[in-house]
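**Q** 3D, please:
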Amino acid sequence: MNVKFKTLFPATALLSTLALLAACSRGPAANSSPKAAGPGGAPGPTPVGVITLAPQSVALTKELPGRTSPYRVAEVRARVSGIVLKRNFEEGAEVKEGQVLFVIDAAPYRAALDSAKATLARAEGNLISARAQADRYKELIEAKAISQQDYDNAHATALASEADVAAGRAAVETADINVGYTSVTSPITGRIGRSSVTEGALVQQGQATLLAVVQQIDPIYVDLTQSSDEWLLLKDEIASGKLRAEADGGTKVTLTAGTGRDYPQPGRLQFSDITVDQTTGSIAVRAVFPNPKQDLLPGMFVRARIIEGVNPVALLVPQAGITRDSRGAATALIVNAENKAEVRPVGVSRTVGASWLITSGLAAGDRVIVEGLQKVRPGAEVMAEPVAVPAPALVAATAH
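**A** This next block holds a predicted model:
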């Protein structure tokens, strides 16, 4: 046993000595930290990327869903009863105001017109006779050659004949109007849809048979809805000067179709309704768009962006620089005057591209950390390095 122990001990001591020498040969570089060492061997400040806040002009927009509707709609209906003899248009074509669309059999109405004219002629003949008799009786009553009753009867007959003539003229005019109604014309210029009747169909005046629908779609309406609370907030911001309205006083609107394609023609906000929907708490908003190529058709689903106003002193922070705490409140890490990281609660209202629009908590000149957030803790000393962020002269902000 003693022999074995004496044999193993020198080998163990030799291995320990070799390991110690290898560790010493690596030198201090093996134990160095990634951070620059400060005085006394302490780690140096952590490098972070920051942006310095500066006010800029931001056009605030609101994106709203909506549907297109025609500028004018005319339901072409039968105003007289009869058989449709002819249809003078192609379905889906453009028609002009006053263009004849349908022809209804006018023979019965021409006969009625001729009868009314004959009745008027008879009434006019009776009137001539009645007036002559009344004039003669007037001379006789002045000479006391007839009784007062005879004169009154003659005068009354003349007045009745005048009334018959007036009624006859009205009947002639009515019959002439009915003859005109047998040619059904377009009340507006626009595109006509499919025909509800064909040649040979019986249309009726009492039921006002629908023949076709003409719609004017250039320009075209876009009907939207906006929250009444947001509408009031917008008015307050403009009144307080936080937002500046458009120079011409109008409100521009841009459009995105359901396919995601931007509509090339900008529109204008025409009106906001004065009544709030009691079930949804929203206000109806209507915009009008030029539609020369008729790319927009009634009933299409679209998304409109309304330029509500311009914030001339907006503060924008990249979304990477805003985090949320455990309660969901927005916070930002800034570099204070002592070059230390400081947590700052902030208020955000909407996104502007890849940035947040700041409403409170930050001011112009603040340095916000946007890179290296995962390496720094509040109160830690940092080394701020500026990060270049594009700052266009006018940025469009979309509310979500």
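**Q** Next, the contact list for Pro292, please.
**A** The contact partners of Pro292, by CB atoms under 8 Å, 6 or more residues apart in numbering, come to 218, 265. From N, CA and C alone the C-beta is placed, and that goes for glycine too.
**Q** What is the helix or strand that contains His155 packed up against?
**A** Secondary structure assignment for His155, by DSSP states H and E: helix 148-181. Helix 148-181 sits against helix 107-142, with contacts defined as 3 or more CB pairs under 8 Å, 6 or more residues apart in numbering; DSSP states H and E.
**Q** who does the helix it packs on touch, helix- and strand-wise?
**A** On a contact count with 3+ CB pairs under 8 Å, 6+ apart, helix 107-142 meets helix 148-181.
**Q** Run the chain-centre distance for the helix it packs on.
**A** With CA atoms, centre = their mean, to the nearest Å as the basis, helix 148-181 stands 58 Å off its chain's centre.
**Q** go on, stretch 322-340?
**A** 37 Å.
**Q** Compute the first-to-last residue distance for it.
**A** Using CA to CA, to the nearest Å, one end of stretch 322-340 lies 18 Å from the other.
**Q** Same check on stretch 326-342?
**A** End-to-end distance (CA to CA), stretch 326-342: 17 Å.
**Q** So what touches it?
**A** With contact meaning CB under 8 Å, 6+ apart, stretch 326-342 is reached by 45, 48, 50, 317, 321-325, 343-348, 356, 361-362, 366-369, 373, 376-384.
**Q** 6 Å instead, please
**A** The contact list for stretch 326-342, computed with CB atoms under 6 Å, 6 or more residues apart in numbering, reads 50, 321-323, 325, 343-346, 348, 366-369, 376, 378-382, 384.
**Q** returning to what we had before: specify the angle between the helix holding His155 and helix 107-142 in degrees.
**A** Note on geometry: by axes from the mean of the first three to the mean of the last three CA atoms, to 10 degrees, helix 148-181 and helix 107-142 are set 160 degrees apart in direction.
**Q** Can you mark which positions in helix 148-181 are buried?
**A** Judged by neighbour count (16 or more other CB atoms under 10 Å), helix 148-181 contains these buried residues: 151, 154-155, 157-158, 161-162, 164-165, 168-169, 171-172, 175-176, 178-179, 181.
**Q** now do stretch 130-140
**A** For stretch 130-140, a neighbour-count test (16+ other CB under 10 Å) marks 130-131, 133-134, 137 as buried.
**Q** Make sure Val376 is actually in contact with Thr46.
**A** Yes: between Val376 and Thr46 there is a contact at 5.0 Å, judged by CB atoms under 6 Å.
**Q** need the strands for the stretch 151-300 of the chain, in chain order.
**A** 183-185, 190-192, 202-203, 210-227, 252-257, 267-276, 282-289 (DSSP state E, counting those that start in this stretch).
**Q** Next, format those as a markdown table and append mean neighbour count and distance to Glu91.
**A** Output for the strands of the stretch 151-300 of the chain, formatted as a markdown table (neighbours: other CB atoms under 10 Å; distance: least, CB to CB, whole Å):
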| stretch | mean neighbour count | distance to Glu91 |
| --- | --- | --- |
| strand 183-185 | 18 | 15 |
| strand 190-192 | 21 | 7 |
| strand 202-203 | 18 | 17 |
| strand 210-227 | 20 | 8 |
| strand 252-257 | 19 | 25 |
| strand 267-276 | 14 | 29 |
| strand 282-289 | 20 | 25 |
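**Q** Ala118: which of these is closest?
**A** strand 183-185 (23.9 Å; CB to CB).
**Q** Quickly find the element holding the residue lying closest to Leu140 once chain neighbours are set aside.
**A** Leaving aside its chain neighbours, Leu140 sits nearest to Ile146 (4.5 Å; criterion: CB to CB, 6 or more residues apart in numbering). Per DSSP H and E: Ile146 is located in neither a helix nor a strand.
**Q** how about Ile146, phi and psi?
**A** Dihedral pair for Ile146: phi -130, psi 170, per degrees, to the nearest 10.
**Q** Throw the strands of the stretch 151-300 of the chain into JSON lines and include distance to Asn126, thanks.
**A** Listed next are the strands of the stretch 151-300 of the chain as JSON lines, based on distance: least, CB to CB, whole Å:
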{"stretch": "strand 183-185", "distance to Asn126": "34"}
{"stretch": "strand 190-192", "distance to Asn126": "49"}
{"stretch": "strand 202-203", "distance to Asn126": "38"}
{"stretch": "strand 210-227", "distance to Asn126": "42"}
{"stretch": "strand 252-257", "distance to Asn126": "67"}
{"stretch": "strand 267-276", "distance to Asn126": "58"}
{"stretch": "strand 282-289", "distance to Asn126": "59"}
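**Q** List just the one of those strands that sits closest to Leu120.
**A** Of those, nearest to Leu120 by CB to CB is strand 183-185, at 23.6 Å.
**Q** List the pairing partners of the closest one within its sheet, with orientation.
**A** strand 100-104 (antiparallel) (DSSP bridges).
**Q** Specify the angle between the partner strand and strand 210-227 in degrees.
**A** Using the same axes, to 10 degrees: strand 100-104 against strand 210-227 is 140 degrees.
**Q** Report the buried residues of strand 100-104.
**A** Under the neighbour-count criterion of 16+ other CB under 10 Å, strand 100-104 has 101-104 buried.
**Q** Quick one: end-to-end distance for stretch 378-388.
**A** Start-to-end, stretch 378-388 (CA to CA) is 24 Å.
**Q** Show me how far that stretch is from its chain's centre.
**A** 44 Å.
**Q** ok, and what's touching it?
**A** Here stretch 378-388 makes contact (CB under 6 Å, 6+ apart) with 45-51, 335, 340-341, 343, 367, 370-371, 376.
**Q** That's all I had, so thanks and see you.
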